[in-house]
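Q: Here is the input, now give the coordinates:
(one chain, ligands or ions: 2)
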Amino acid sequence: MLNKDRRSFIKTSALAGAGTLLTGTTTSASTPAGNTQGVQAYRRLGRTELKISDISFGSSRLRTGQEDLVHHTLDRGVNYFDSAESYTGGDSETVLGNALKGRRDKAYLVSKTLTSSSTRASTMMHDLEGSLRRLQTDYVDVYMNHAVNSVDSVGNPEWLAFVDQAKAQGKIRFTGISGHAGRLIECLDYAIDEDMIDVMLVGYNFGQDPAFYEGLTRGFDRIATQPDLPRAISKAKEKDIGVIAMKTLMGARLNDMRPYEQAGAQTFAQAAFSWALANPNVDALIISMTGKDQIDEYLGASGATFVTAQARNLLDQYAHLNGANYCRHACNLCEGACPYGVPIADVLRTRMYATDYEDVTFARREYALLESNADACLNCSGEPCQDACPNGIEIDKLCAPTHRMLSLRPGEQLS
Ligand code: SF4
Ligand code: SF4
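A: Ligands and ions are numbered 1, 2, ... in the order given. Here you go, the predicted model:
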């Protein structure tokens with residue numbers, strides 16, 4: 001059903017896009033720094049009935065002193081702010097709390113906590129209360145089980161006990177899960193079938209969508225990562241679960257794409273957002289916003305409901321430029337290739353934060369959170385994993401340098 005819908009909107013938009021190319025303008029485009037109109041569309045977040053900005057604020061890289069960024073997005077009409085206790089060591093929530101003081105009624109707030117199959121409800125409540133303190137609020141609108149990658153963790157009965165208690169105490173309005181790793185689909189299917197979530201936040205971009213590859217006109221031998229993801233998203237919508245996309249930029253190598261962008265037409269980021277928003281089963285997306293010009297560029301795609309031919313060309317170009325460099329960490333097809341238990345997909349995801357997002361501090365924090373890392377790669381020939389990636393990623397050449405770049409030196413503290 002989804003693919004049929006998708007094919008029809010791509011066909012329609014290709015016609016619309018043809019006109020776009022002739023006139024040099026698009027429905028929702030702007031030059032990178034030129035959009036000051038702000039949010040153009042608010043969408044219903046499933047059964048929560050919240051009406052949220054279609055392009056919303058991801059705060060994973062929000063740092064001390066950046067309250068002005070939050071004010072800027074609020075002034076541009078963004079009303080949904082996603083955070084987590086782990087982001088920038090809690091500073092992200094503190095900045096959000098400072099910035100929203102006196103404006104709490106203008107924002108929907110989201111936070112998350114990492115859990116395992118053995119985490120106790122009391123620990124989850126402790127984490128939630130820490131987030132509430134930093135956010136300077138009595139409640140969050142949505143609270144999520146963060147970065148799930150195991151059905152055992154999602155099905156931990158302590159989570160449901162915690163949610164019941166937190167809702168009864170008015171600390172949580174709605175609950176959800178977030179994820180982007182290899183076992184995400186299993187987790188989504190379980191949570192949807194058990195009807196235990198109101199919202200889900202999933203890594204979803206054009207490079208993960210079979211419909212994108214169906215439309216490629218040039219020779220391209222890659223396949224969609226997590227081809228089941230559109231199905232899971234569609235299934236969620238059938239249960240009226242709110243769906244939010246993240247990691248919509250497929251690695252965020254924005255600077256690689258500037259030479260291909262045209263003045264007055266959509267930028268690569270806007271094209272990628274259009275792809276996500278054009279999926280009728282996606283309600284909204286979140287994106288890390290780290291500068292005011294960037295925010296204005298991003299919001300230039302607000303209101304998008306289809307992908308123009310010009311935007312499609314940019315996405316094709318990006319896939320060709322970055323296909324062999326981009327670890328689709330959600331695919332996890334290399335799982336088990338390392339005899340020493342290196343979590344290759346997670347290691348390469350943290351590498352992406354450093355090399356593509358150009359945020360080494362964030363990358364080092366995320367690397368430090370991994371249960372195991374790439375330490376073993378320093379003394380390994382690389383032979384076991386060198387052909388393990390069907391997408392051509394040179395795992396054996398990337399993991400050891402990643403460890404050197406992101407691991408803490410003896411006695412070093414995270415900044
Ligand atoms: S290295 Fe290759 S197989 Fe492993 S997660 Fe990345 S893209 Fe998938
Ligand atoms: S280089 Fe060696 S230790 Fe590192 S992931 Fe590959 S097989 Fe494992």
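Q: What residue in the stretch 201-350 of the chain comes nearest to ligand 2?
A: Distance from ligand 2 to each residue of the stretch 201-350 of the chain (Cβ to the nearest ligand atom) is smallest for Cys338, at 3.1 Å. Where you see a C-beta, it was placed from the backbone N, CA and C, and this is true even at glycine.
Q: what's the following helix or strand after the helix or strand of the chain with the lowest mean pLDDT?
A: None of the helices or strands of the chain scores lower by mean pLDDT, DSSP states H and E than helix 2-23, at a mean of 35. Proceeding N to C from helix 2-23, the next assigned helix or strand is strand 42-44, under DSSP states H and E.
Q: Could you name the helices and strands sitting against that following strand?
A: Contact here means 3 or more Cβ pairs under 8 Å, 6 or more residues apart in numbering; DSSP states H and E; on that basis strand 42-44 packs against strand 51-53.
Q: quick one: strands adjacent to the strand it packs on?
A: Using DSSP bridges, the strands paired with strand 51-53 are strand 42-44 (antiparallel).
Q: Can you give the contact residues for the strand it pairs with?
A: Contact with strand 42-44 is made by Leu50, Lys51, Ile52, Ser53, Asp54, Asn79, Asp283, Ala284, as judged by Cβ atoms under 8 Å, 6 or more residues apart in numbering.
Q: Strands of the stretch 201-350 of the chain, start to end?
A: Using DSSP state E, counting those that start in this stretch, the strands found in the stretch 201-350 of the chain span residues 242-246, 284-288.
Q: got the angle between the first one and strand 284-288?
A: Meaning strand 242-246. 30 degrees (axes from the mean of the first three to the mean of the last three Cα atoms, to 10 degrees).
Q: Contacts only, for the residue nearest the centre of the chain.
A: Nearest residue to the geometric centre of the chain (Cα atoms, centre = their mean): Met246, 2.2 Å. When contacts are counted by Cβ under 8 Å, 6+ apart, Met246 touches Gly58, Asp82, Ser178, His180, Leu201, Val202, Gly203, Tyr204, Leu285, Ile286, Ile287.
Q: Over to Phe174?
A: Applying Cβ under 8 Å, 6+ apart, we find Phe174 in contact with Thr48, Leu50, Asp141, Val142, Tyr143, Asp198, Val199, Gly242.
Q: Same question for Val148.
A: Counted by Cβ under 8 Å, 6+ apart, Val148 has contacts Val154, Ile177, Ser178, Gly179, Leu184, Cys187.
Q: could the strands of the stretch 201-350 of the chain go into JSON lines alongside mean pLDDT and distance to ligand 2?
A: Formatted as JSON lines, the strands of the stretch 201-350 of the chain follow (pLDDT from 0 to 100; distance: least, Cβ to the nearest ligand atom, whole Å):
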{"stretch": "strand 242-246", "mean pLDDT": "97", "distance to ligand 2": "26"}
{"stretch": "strand 284-288", "mean pLDDT": "96", "distance to ligand 2": "28"}
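Q: Turn the ones you listed into JSON lines, including distance to ligand 1.
A: Converted to JSON lines, these look like this (distance: least, Cβ to the nearest ligand atom, whole Å):
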{"stretch": "strand 242-246", "distance to ligand 1": "17"}
{"stretch": "strand 284-288", "distance to ligand 1": "21"}
